[in-house]
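Novice: What would the 3D arrangement of this be:
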Amino acid sequence: MSTIKNLEMLADVLEEQELQKLDAAASLHKRQSNLEFTLVSLEDNTLTVETEQGKTTGNYANYKTLIKRTGEVFDKILPNSIKLQVLPKEFVESPAMVVTPDWIDKKMQEKEVRIKQIAFDTGLDRKDISGWITGERNMSQIVKAMFYFYFKSL
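Specialist: Presented below is the predicted three-dimensional model:
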């Protein structure tokens, strides 16, 4: 299975060995920076590639860097007759990532909300809510999102 989505679009343009080189280069970027390449179209000698960076522990690439990385993968292998068009998609952190036990405690004080009210509004058990607020229980991304949008709606 290829690292590049829709790589078969280039089957008539590149030889199998070139496709493998392209996939190996993309795989390296996937491992190092969590970059994903998707071939969108090949029309009028223009290859359109969507490049998206997923969550990573390192630095995030900006718009220009995503275009540059895509060129590093494709320019060496594509024939000169094919122009590369890049649709970069920068990583956007979920707004719910700010949610921590301290953040919840602060919002509860700001909005004058008690655990009992959160339990009533959400249908969640008070013990679970208390555990998340005190930090005794880890919060999943879904729980963080629930708290984020709950307090945003008040």
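Novice: Tell me where this structure has helices.
Specialist: Remark: helices assigned in the chain by DSSP state H are 16-33, 63-74, 101-111, 115-122, 126-134, 141-153.
Novice: got a list of what the residue nearest the centre of the chain touches?
Specialist: In the chain, the centroid-proximal residue (Cα atoms, centre = their mean) is Gly54; its distance is 3.2 Å. The contact partners of Gly54, by Cβ atoms under 8 Å, 6 or more residues apart in numbering, come to 34-36, 91. Placement of C-beta: from N, CA and C, glycine included.
Novice: For it, what are phi and psi?
Specialist: phi -90, psi -180 (degrees, to the nearest 10).
Novice: Next, work out how far apart it and Val99 are.
Specialist: 20 Å (Cβ to Cβ, to the nearest Å).
Novice: quick one: the residue with the largest distance to the centre of the chain and Trp103, what's the gap?
Specialist: In the chain, counting by Cα atoms, centre = their mean, Lys116 sits farthest out from the average C-alpha position, at 34.9 Å. Distance of Lys116 to Trp103, given as Cβ to Cβ: 20 Å.
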